[in-house]
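**Q** The following comprises the amino acid sequence and a computationally predicted model.
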Amino acid sequence: MKRLLIQNKGEVEVEAFNLMGASTKRGDSSKIGMFGSGTKFGIACMLREQLAFRVFSGTTEIKITTNKKTFRGEQFDVIRFNGVQSSLTIQMGKDWSIWQSLRELYANAIDEEEGEMTEVTRMTPKAGYTNIYIEYDRPEVIDFIRNKNKYFSDKTPELFKSNIGRILPKASDEVNIYRKGIKCNDDSSTSLFDYDLNHVSISESRTLTNSWSAAEEVWKMIFECNVPNVINSFIESWSITHASSGESFSREWENERSRGTFVSIYHRINISDEWVSACEGKWFIPRYMLDLLEDEEKWKVHIVSDSIYDVLKHNLGSENILPPSVKSSKSNGNKHYKEIEVDGINAKVLEAAHDFLMDSGLNILGVYPIVVAKFSDSTVLGTASDGKIIVGIKSLERGIHDTINTIIEEYVHLKSGHGDETRGFQTALINELINYIKTVKEIVV
């Protein structure tokens with residue numbers, strides 16, 4: 001009869017199975033386990049799923065059975081070890097699947113010496129070793145063996161390695177995230193690569209407690225990468241041809257999970273010199289900027305998430321990654337726009353605002369050029385950049401009064417050098433009003 005054998009050096013003590021929370025590996029960063037509950041959950045799951053198995057400590061079998069026990073009117077299957085009743089039931093780890101049980105047993109073997117997993121036809125327990133024999137002819141077990149590299153990355157050669165972890169070739173279509181070589185996610189989305197992280201938070205079920213923090217670690221590692229082929233794989237996946245076919249955004253766990261990350265850290269992430277070289281001469285924009293592009297630019301851009309754009313902008317400068325038609329406000333780097341010509345009612349509103357300012361006596365016109373722009377955020381009224389007053393389409397649509405308001409505000413920004421919502425800008429605006437009154441009324445103060 002064919003069986004799966006999980007074996008390691010050292011004879012296991014029965015307490016390893018029935019003493020909840022007992023772990024000698026907690027605090028040892030070289031070990032995979034730490035909670036002292038995984039083996040118990042794995043045993044409970046296999047009993048619950050009626051997966052036949054036998055455990056030997058050396059040549060002595062640890063007999064694991066169950067018996068019924070009623071508690072408050074409900075019946076439980078209590079686990080017994082060598083005939084002694086424990087406090088464990090097969091209801092433990094109720095969300096576990098067989099693959100998680102097998103993963104747990106093999107992870108424990110790896111933590112010990114000479115851990116291995118093989119297929120055998122006879123049970124030949126060996127003194128000085130722990131031997132666990134598991135029923136082979138179950139679809140879940142066969143799948144686990146055939147796809148071992150999907151569940152364990154310890155034997156997978158890395159494409160890149162850093163203190164954070166390793167970037168790995170794909171083991172399967174779905175994304176595989178590992179912690180110290182052990183798969184710790186159950187995610188149906190896909191990715192360009194697999195990732196083995198040294199430090200990431202997991203639950204007692206060995207699954208990620210926070211996929212966003214894992215993504216944060218993944219992206220730190222990606223931007224540390226100095227392997228051109230890996231870097232170019234990302235850049236190519238962001239190209240407009242892939243994005244327009246859905247490939248980029250459907251295949252990128254990395255891209256989707258970057259949304260919401262880097263909120264407070266992107267400005268501290270430095271990309272490798274190889275990333276700098278690979279990005280040279282290429283354009284990168286978030287999807288929300290697509291409407292700002294000229295037709296001839298659309299097939300040359302690479303579409304990235306907002307967070308990735310922020311990282312690239314921080315390291316390379318917006319002027320080096322944006323297409324020529326798209327500009328980033330010098331006073332507020334989060335405002336992106338394209339200068340445009342207006343006609344019809346918008347042109348008339350702008351002309352009326354110009355006439356009002358001319359007649360008012362305010363010394364604004366002619367000091368700074370006034371241009372109209374389409375902003376990536378259609379609610380933006382205007383900005384000040386490159387010595388120009390930039391009036392947004394939204395200002396013109398709101399009428400003459402709001403257009404004048406925007407022109408005056410951006411004029412004061414340029415003249416004073418102060419940004420929005422600052423004491424300096426408030427003082428500059430009040431001073432401008434006082435000076436205007438003094439001039440018009442010929443008052444000396």
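**A** Cool, the structure landed.
**Q** Can you name the residues that contact residue 185?
**A** Residue 185 makes contact with 175, 176, 177, 207, 208, 211, 214, according to CB atoms under 8 Å, 6 or more residues apart in numbering. For every residue, glycine as well, the C-beta is placed using N, CA and C.
**Q** Contact partners for the fifth one?
**A** Spelled out, it's residue 208. Residue 208 makes contact with 177, 184, 185, 200, 201, 202, 214 under the criterion CB under 8 Å, 6+ apart.
**Q** State the distance from the fourth one to residue 183.
**A** As judged by CB to CB, to the nearest Å, residue 200 and residue 183 stand 12 Å apart.
**Q** any common contacting residues for these two?
**A** With CB under 8 Å, 6+ apart as the test, residue 200 and residue 183 both reach residue 177.
**Q** in what helix or strand does the nearest residue to residue 356 once chain neighbours are set aside lie?
**A** Closest residue to residue 356 in three dimensions, ignoring its sequence neighbours and counting by CB to CB, 6 or more residues apart in numbering: residue 404, at 5.8 Å. Under the criterion DSSP states H and E, the helix or strand holding residue 404 is helix 400-416.
**Q** Now that helix: buried residues?
**A** Residues 400, 402-414, 416 are the ones in helix 400-416 that count as buried (16 or more other CB atoms under 10 Å).
**Q** that older thread, verify the stated contact: the residue nearest to residue 356 with residue 358.
**A** No. Using CB atoms under 8 Å, residue 404 is not in contact with residue 358, being 11.3 Å away.
**Q** closest to residue 101 among the contacts of residue 185?
**A** Of all these, residue 207 has the smallest distance to residue 101: 13.6 Å, by CB to CB.
**Q** who's in contact with that closest one?
**A** Residues in contact with residue 207 (CB under 8 Å, 6+ apart) are 184, 185, 186.
**Q** before we move on, the earlier item: can you turn the buried part of the contacts of residue 208 into a PyMOL selection?
**A** Here the buried members of the contacts of residue 208 are turned into a PyMOL selection, burial being counted by 16+ other CB under 10 Å:
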select buried, resi 177+184+185+200+202+214
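**Q** Closest one of the contacts of residue 208 to residue 84?
**A** residue 202 (31.1 Å).
**Q** Check the gap between the closest one and residue 214 for me.
**A** Going from residue 202 to residue 214 by CB to CB gives 9 Å.
**Q** One more: residue 51?
**A** As judged by CB to CB, residue 51 and residue 214 stand 30 Å apart.
**Q** Then residue 67?
**A** If you measure residue 67 against residue 214 using CB to CB, the figure is 41 Å.
**Q** likewise residue 88?
**A** Summarising the geometry, the distance separating residue 88 from residue 214, computed by CB to CB, is 30 Å.
**Q** next one: residue 171
**A** 17 Å.
**Q** Could you do residue 89 as well?
**A** With the distance defined as CB to CB, residue 89 ends up 32 Å from residue 214.
**Q** go on, residue 410?
**A** For residue 410, the distance to residue 214 under the criterion CB to CB works out to 43 Å.
**Q** Please apply the same query to residue 368.
**A** To residue 214, residue 368 is 48 Å away according to CB to CB.
**Q** secondary structure element for residue 92?
**A** Residue 92 is located outside every helix and strand, with elements delineated by DSSP H and E.
**Q** you'd agree it is up against residue 38?
**A** No. Under the criterion of CB under 8 Å, residue 92 lies out of contact with residue 38, with a separation of 10.8 Å.
**Q** Among these two, which residue is more densely surrounded?
**A** Ranked by neighbour count (other CB atoms under 10 Å), residue 92 and residue 38 place residue 38 first, with 24 against 18.
**Q** Looking at the more buried one now. What's its pLDDT?
**A** Here, the pLDDT recorded for residue 38 equals 80.
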